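# What follows is a predicted protein model with its sequence.
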Amino acid sequence: MKIECISKSAITLPVDLIRPELGLGRDRIFSLITGKQYVVYGITCYLGHLWYYICDEDYSYYPIWNPAPLFRITDNRISKYWEIGEYLIGSSEIIPIISFSEWVQNPIFYDLLTDREQSAVQTFIKYKKLIDEESNIIDQDDAQL
């Protein structure tokens with residue numbers, strides 16, 4: 001699945017996504033390039049909207065979630081590596097996750113990944129390569145990892 005950035009400014013987001021207490025104020029500028037296509041590595045739903053996990057312009061070793069209203073879908077093919085699951089957030093909120101098996105099956109996978117836990121990082125690198133190849137995009141920087 002590929003998406004194209006149509007805006008990097010939170011001012012274009014729906015009003016119900018503007019949450020300054022969550023870092024989503026009207027003045028927020030996302031680390032995106034308008035007009036650039038990004039490969040999607042996971043999808044979730046939060047605050048009533050889809051969010052795409054992509055390797056944005058701040059990408060170092062893990063994907064960042066960005067609100068779907070900042071994008072348009074340019075390739076709607078779903079990755080053959082994806083599964084769907086759900087996580088309990090807090091004591092009562094359940095959110096879906098669509099991504100590769102290790103992420104879907106382990107509710108703390110993303111936390112492990114962002115904490116640089118080696119097996120989580122290696123797992124993401126493996127799936128990033130597979131999904132990029134599937135999407136016909138190979139990032140030369142990641143090929144050196």
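Ah, there it is.

# which strand residues sit across from residue 89 in the sheet?
Going by DSSP bridges, residue 89 is paired in beta bridges with residue 93.

# Model confidence for the residue sitting furthest away from the middle of the chain, exactly?
Distance from the centre of the chain peaks at residue 91, with 23.8 Å (CA atoms, centre = their mean). Residue 91 is assigned 78 on the pLDDT scale.

# Give me the helices and strands touching the longest strand along the chain, please.
Counting by DSSP state E, the longest strand found in the chain is strand 37-46. Secondary-structure packing of strand 37-46 (3 or more CB pairs under 8 Å, 6 or more residues apart in numbering; DSSP states H and E): strand 2-5, strand 49-54, strand 64-67, strand 93-100, helix 118-134. All C-beta spots, glycine's among them, are computed from the backbone N, C-alpha and C.

# quick one, the longest one and strand 37-46 angle?
Regarding helix 118-134 and strand 37-46, their directions subtend 120 degrees when assessed with axes from the mean of the first three to the mean of the last three CA atoms, to 10 degrees.

# centre of the chain versus helix 118-134, how much separation?
13 Å (CA atoms, centre = their mean, to the nearest Å).

# again, but for the first one
Averaging C-alpha positions (CA atoms, centre = their mean) puts strand 2-5 12 Å from its chain's average.

# So what are the sheet partners of that strand and their directions?
With DSSP bridges as the test, strand 2-5 is paired with strand 37-46 (antiparallel), strand 71-75 (antiparallel).

# Same question for the third one.
Within its sheet, and counting by DSSP bridges, strand 64-67 is paired with strand 49-54 (antiparallel).

# Read off the pLDDT value for residue 141.
We have a pLDDT of 45 for residue 141.

# re the thing from before, list the buried residues for the longest strand of the chain?
For strand 37-46, a neighbour-count test (16 or more other CB atoms under 10 Å) marks 37, 38, 39, 40, 41, 42, 43, 44 as buried.

# and the angle for it with strand 93-100?
150 degrees.

# residues in contact with strand 37-46?
With contact meaning CB atoms under 8 Å, 6 or more residues apart in numbering, strand 37-46 is reached by 1-5, 32, 50-56, 63, 65, 71, 74, 79, 82, 95-100, 103, 124, 127-128, 131-132, 135, 137.

# same question, stretch 3-15
Outside stretch 3-15, the residues that touch it by CB under 8 Å, 6+ apart are 17-18, 24-38, 40, 49, 52, 54, 67-74.
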